[in-house]
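The sequence and its predicted three-dimensional model are supplied below.
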Amino acid sequence: MLTGCVASGAGTRCPECFAPVTRESTLEHCPVCYGTSFEGGYWAPVAIRGRKSAGPVQTQLTAHGESDVKTVTFAILDYPHLEYKDVLVDLRRNDLYEVQIVTPTELKGVTVHQSLTASLLGRNSVEYRVPVAPATSAALY
Ligand SMILES: [Zn+2]
């Protein structure tokens, strides 16, 4: 069982960190918007069921040198529609993943499920502060 938190695409810009000139968040770890530049950061989490499988470990170059990013793939139903940068919570392990790639699987033109590639967020990521209350919406399916 997983919970998806769908990132807000519209709403009030963050009063704490949003810079109208550059149109982006100036604080990477902003506690108000979790770095999304929208106040509150994310829509209320939606409980979804999915299947997780291990993906390849990707090596990324960062300012601190090379680091390995653990990726996983998720197979979930077609709703809610997830997008790049949405956050998934593995409720059993309390691991947070950031969606990188969404591949819809279509059957006769209708999306039947989504295949996601997501990367594990480090424990110091601000996203871990997003409140998740999955019990309120556990009966979607
Ligand atoms: Zn902010």
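Received, thanks. Nothing here was measured: the structure is a model prediction, and the numbers come from that model.

what's the pLDDT at the residue most central in space within the chain?
By CA atoms, centre = their mean, the chain has its centre lying nearest to residue 87, at 1.3 Å. Listed pLDDT for residue 87 reads 87.

Show me which residues of the protein sit near the ion.
14, 16-17, 30, 32-33 (CB under 5 Å from the ion). (C-beta placed from N, C-alpha, C; glycine too.)

Look up how far residue 48 lies from residue 79.
Taking CB to CB, to the nearest Å as the measure, residue 79 falls 8 Å from residue 48.

between the two, which one's more packed in?
Between residue 79 and residue 48, residue 48 has the larger neighbour count (other CB atoms under 10 Å), namely 23 against 14.

Got the confidence number for the residue in the chain sticking out farthest from the centre?
Centroid-distance maximum for the chain: residue 108 at 28.2 Å, with CA atoms, centre = their mean. pLDDT, residue 108: 88.

helix/strand/coil for residue 127?
Following DSSP: H, G, I helix; E, B strand; the rest coil, the label given to residue 127 is helix.

So residue 28 is in contact with residue 124, correct?
No - look at residue 28 against residue 124 with CB atoms under 8 Å: they stay out of range, at 11.0 Å.

Quick check on the two: which one has the bigger neighbour count.
Taking neighbours as other CB under 10 Å, residue 28 and residue 124 compare with residue 28 leading, 10 against 7.

now stretch 99-115: how far from the chain's centre is it?
17 Å (CA atoms, centre = their mean, to the nearest Å).

Helices along this structure, start to end?
According to DSSP state H, the chain carries no segments that qualify as helices.

need the helix or strand of the protein with the lowest average pLDDT.
Every helix and strand in the chain was compared by mean pLDDT, DSSP states H and E; the lowest is strand 2-5, with a mean of 58.

What residues of stretch 75-90 count as buried?
76, 80, 82, 86-90 (16 or more other CB atoms under 10 Å).

burial count for residue 96?
22.
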